[in-house]
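In: Coordinates only, no sequence provided:
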């Protein structure tokens with residue numbers, strides 16, 4: 001998670017980490033109580049940067065944009081829950 005120019009590393013608690021990304025709710029609370037979370041960053045090591053259904057659901061529920069990096073494509077996708085749109089860009 002990234003907040004106010006700070007980076008918070010969180011473990012992926014998904015039982016299938018190559019399929020979904022889940023944040024520990026306690027870590028989320030810890031970070032969110034101390035700062036506003038600007039966005040949540042994770043990678044798709046084997047797929048495109050298009051947000052998965054789980055990414056969209058988590059982003060929509062938390063109202064936090066998801067920044068996703070695709071290792072094979074070497075590009076980013078930024079999903080914004082308020083507008084329900086994804087913006088793509090290369091590094």
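Out: Received it, and whenever you're ready, just let me know what you need. In this text, all values refer to a predicted model and were calculated from it rather than measured experimentally.
In: going forward, measure contacts and count neighbours with C-alpha atoms only.
Out: OK.
In: what's the nearest residue to residue 78 once chain neighbours are set aside in contact with, if anything?
Out: Once flanking residues are discounted, residue 78 sits nearest to residue 67: 4.5 Å by C-alpha to C-alpha, 6 or more residues apart in numbering. Taking C-alpha atoms under 8 Å, 6 or more residues apart in numbering, we find residue 67 in contact with 39, 40, 41, 42, 76, 77, 78, 79.
In: can you pick the most crowded of those?
Out: residue 79 (26 neighbours; other C-alpha atoms under 10 Å).
In: what residues are up against that residue?
Out: By C-alpha under 8 Å, 6+ apart, the neighbours of residue 79 are 51, 56, 59, 65, 66, 67, 85, 86, 87.
In: quick one: it and residue 49, what's the gap?
Out: Per C-alpha to C-alpha, to the nearest Å, residue 79 is found 10 Å from residue 49.
In: and if you look at residue 88?
Out: Applying C-alpha to C-alpha to residue 88 and residue 49 gives a distance of 8 Å.
In: Tell me which of these two has more neighbours.
Out: A count of neighbours by other C-alpha under 10 Å puts residue 49 above the other of residue 88 and residue 49, at 26 against 15.
In: Look at that one and tell me its secondary structure.
Out: With DSSP: H, G, I helix; E, B strand; the rest coil as the basis, residue 49 sits in coil.
In: now residue 37
Out: coil.
In: Report the spatially closest residue to it, excluding sequence-adjacent ones.
Out: Take residue 37 and drop its neighbours on the chain: the residue closest to it by C-alpha to C-alpha, 6+ apart is residue 3, 4.5 Å away.
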